[in-house]
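> next comes the sequence, and after it the predicted model I'd like to discuss.
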Amino acid sequence: LLLACNDDRPEPVTTTPDTGTEAPTGRCVPTDNALRLDCPLDTPGTVRWWPADDPDDVRSAEGNTTVRIHNLRADVLTVVEFPDGTEEVQSPGTLPDTIGGIRSTITDAGLSTWVVVSGTCNPREIVVLDTEGRPRWYQTLDRKVLGIDVTPTQTLLVLEGSTDIREWSRQGEVIWAADYDDQDRPLHHDVARDVRGFTYALQADVYPIDGIPYVLDSLVVFDPSGANVDTWRLIDHLPDIYEPTNNNGYWTIRFPNGIDFSHANSVEITPDGDLLLSLRWLDTVLKMDGDPLSAGFGTPRWWLSSTGQVPSDLELAGDEAIFDGQHHPSIALDGRLLLFDNAARGTNSRGVAYVLSETAATIDQIWPLPHDCTVQGSTN
């Protein structure tokens, strides 16, 4: 999965149900979301539903008095089967123009794949696309979306603004929350959830070093109840490599005099339970002990630096192995390191996969873009 900016500017498209299908009938009622309906039940049991043009795309939910059907398709009618075996045809709502204009191409995706993006026209929206690239779930939030993660239980974890983390179910309900009240040390960019139920969020603060204010990153840890139980600080582990830079755009308003030094832009859980951080302006990926219950939590496993500003434990090997200003590194199930290489300005960006050994990260696969994408992107 390669997510990146695009030079195209699609026109918003408002979709309507297929008028060639039987007219909608029945008792399900609209919600404030075009892709969800609430269906009252005469008897408790299982409700099944599917697009009228795709009877194999069946979803289901249990209920006593009401079932919320969700992940509908805005462009076709929906068939709903109630516990007593009766069926009705329902009409989904019309997508907001900000979502209806989204265009995506997805190939070779599994039926359970979640492709999640923040709204391209409204930064307060999150959108889930199906395996055909069509919006099937969306939520408009009160605050700007700063980070998104799909949890091990297939829910959505969202950083809303710089203080609030919410977990959303597929039914569109908030099922977990963590509030972080430290306005002077904002959360930013990304959140992640491990299989133990611990949640991690990136945080920024200013540290005076030799009289110069540097903006450095930390990782705030929340336990399964939502309580803040630990904070890991990059400054406790980073070598003494501080040199002023001009990469100050992101924090100009919050920290107007600070040097945007490390600029962490993602945190990911690795298959072995460790944590992976992306430090953009250091052109560095850090893998560290990810067990928040251990005494060694946060101890670096290895540093991978592309420019050498941070001493690297792994050597970049192979043709065109150097990355620059990367986003969203992750470790795939096959052990490869994946990342989005934004590349130097004026150079085309790309997705990259590396094979890792004890001493090297060797280029394995490249997915090039026809243009540069300087401020966003991911490769999964």
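Ah, there it is.
> drop to CA atoms for contacts and neighbour counts, all remaining ones
Noted.
> in this structure, where is pLDDT below threshold?
Judged against pLDDT under 70, the low-scoring parts of the chain cover residues 7-25, 101-115, 119-121, 246, 248.
> residue 283 against residue 325, yeah?
Yes. Distance between residue 283 and residue 325: 5.4 Å, which falls inside the contact criterion (C-alpha atoms under 8 Å).
> which residues does residue 341 bridge with?
Going by DSSP bridges, residue 341 is paired in beta bridges with residue 350.
> ok, now which ones touch it?
The contact partners of residue 341, by C-alpha atoms under 8 Å, 6 or more residues apart in numbering, come to 323-327, 349-352.
> closest to residue 298 out of those residues?
Sorting those by how near they are to residue 298, with C-alpha to C-alpha, puts residue 327 at the top with 20.4 Å.
> list the contacts of the closest one.
The contact partners of residue 327, taken as C-alpha under 8 Å, 6+ apart, are 265-266, 278, 280, 339-342, 376-378.
> one more pass at 10 Å, please.
Under the criterion of C-alpha atoms under 10 Å, 6 or more residues apart in numbering, the contact list for residue 327 reads 264-266, 277-280, 283, 285, 338-342, 351, 374-379.
> show me those residues that map onto strands.
Secondary-structure check on the contacts of residue 327 using DSSP state E: residues within strands are 264-266, 277-279, 285, 338-341, 351, 378-379.
> check which helix or strand the residue nearest to the spatial centre of the chain maps to.
Nearest to the geometric centre of the chain sits residue 148, at 3.3 Å (C-alpha atoms, centre = their mean). In this assignment (DSSP states H and E), residue 148 forms part of strand 145-150.
> now do that strand: distance to the chain's middle.
On the basis of C-alpha atoms, centre = their mean, to the nearest Å, strand 145-150 sits 4 Å off its chain's mean C-alpha point.
> note down every partner strand of it and its orientation.
When sheet partners are counted by DSSP bridges, strand 145-150 sits next to strand 156-160 (antiparallel).
> dump the strand it pairs with to PDB, keeping only the CA atoms.
Listed next in PDB are the C-alpha coordinates belonging to strand 156-160 (Å, rounded to 0.1, in the frame of the first residue of the first chain):
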ATOM      1  CA  LEU A 156      -9.600   2.900  14.500                       C
ATOM      2  CA  LEU A 157      -7.300   4.800  16.900                       C
ATOM      3  CA  VAL A 158      -7.300   8.600  16.100                       C
ATOM      4  CA  LEU A 159      -5.300  11.500  17.400                       C
ATOM      5  CA  GLU A 160      -7.800  14.300  17.400                       C
END
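> ok, and what's touching it?
Taking contacts as C-alpha under 10 Å, 6+ apart, the residues outside strand 156-160 that touch it are 114, 116, 118, 124, 126, 128, 141-151, 164-170, 172, 174-178, 187-193, 199, 201-202.
> repeat for stretch 55-70
The set of residues that contact stretch 55-70 without belonging to it, under C-alpha under 10 Å, 6+ apart, is 28-31, 33-51, 71-72, 78-83, 92, 111, 136-137, 170-172.
> contacting residues around residue 301?
For residue 301, the contacting residues are 274-276, 286-290, 313, by C-alpha under 10 Å, 6+ apart.
> same deal with residue 358?
Residue 358 neighbours (C-alpha under 10 Å, 6+ apart): 302, 313-315.
> of those, which belong to strands?
Judged by DSSP E, the contacts of residue 358 include 302, 315 as members of strands.
> got a quick ChimeraX command for the buried subset of the contacts of residue 358?
Applying 16 or more other C-alpha atoms under 10 Å to these, the buried members can be selected in ChimeraX as follows:
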select :302,314,315
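> looking at the contacts of residue 358, which is nearest residue 241?
Compare each of these with residue 241 using C-alpha to C-alpha and the shortest gap goes to residue 313, at 15.6 Å.
> go ahead and confirm that closest one touches residue 356.
No. Using C-alpha atoms under 10 Å, residue 313 and residue 356 do not qualify as a contacting pair, with a distance of 11.4 Å.
> hmm, which of the contacts of residue 327 are the buried ones?
264-266, 277-280, 283, 285, 338-342, 351, 374, 376-379.
> the helices in the stretch 1-150 of the chain, which residues?
According to DSSP state H, counting those that start in this stretch, the stretch 1-150 of the chain carries its helices in the segments 97-100.
> where do the strands sit along it?
Across the stretch 1-150 of the chain, reading from the start of the chain, the strands by DSSP state E, counting those that start in this stretch fall at 2-3, 29-30, 37-40, 45-51, 59-63, 66-69, 78-81, 87-90, 115-118, 125-129, 135-140, 145-150.
> can I get the ones you listed in a markdown table with distance to residue 231?
Output for these, formatted as a markdown table (distance: least, C-alpha to C-alpha, whole Å):
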| stretch | distance to residue 231 |
| --- | --- |
| strand 2-3 | 30 |
| strand 29-30 | 43 |
| strand 37-40 | 41 |
| strand 45-51 | 44 |
| strand 59-63 | 39 |
| strand 66-69 | 38 |
| strand 78-81 | 47 |
| strand 87-90 | 49 |
| strand 115-118 | 27 |
| strand 125-129 | 27 |
| strand 135-140 | 30 |
| strand 145-150 | 18 |
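> on that earlier part again, could I get the contacts of residue 341 as CSV with distance to residue 160?
Supplementary listing: these in CSV, determined by distance: C-alpha to C-alpha, whole Å:
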residue, distance to residue 160
323, 30
324, 28
325, 24
326, 23
327, 20
349, 28
350, 28
351, 27
352, 29
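> most surrounded residue in the residues you listed?
Scoring these on neighbours with other C-alpha atoms under 10 Å, the highest-scoring entry is residue 326 at 31 neighbours.
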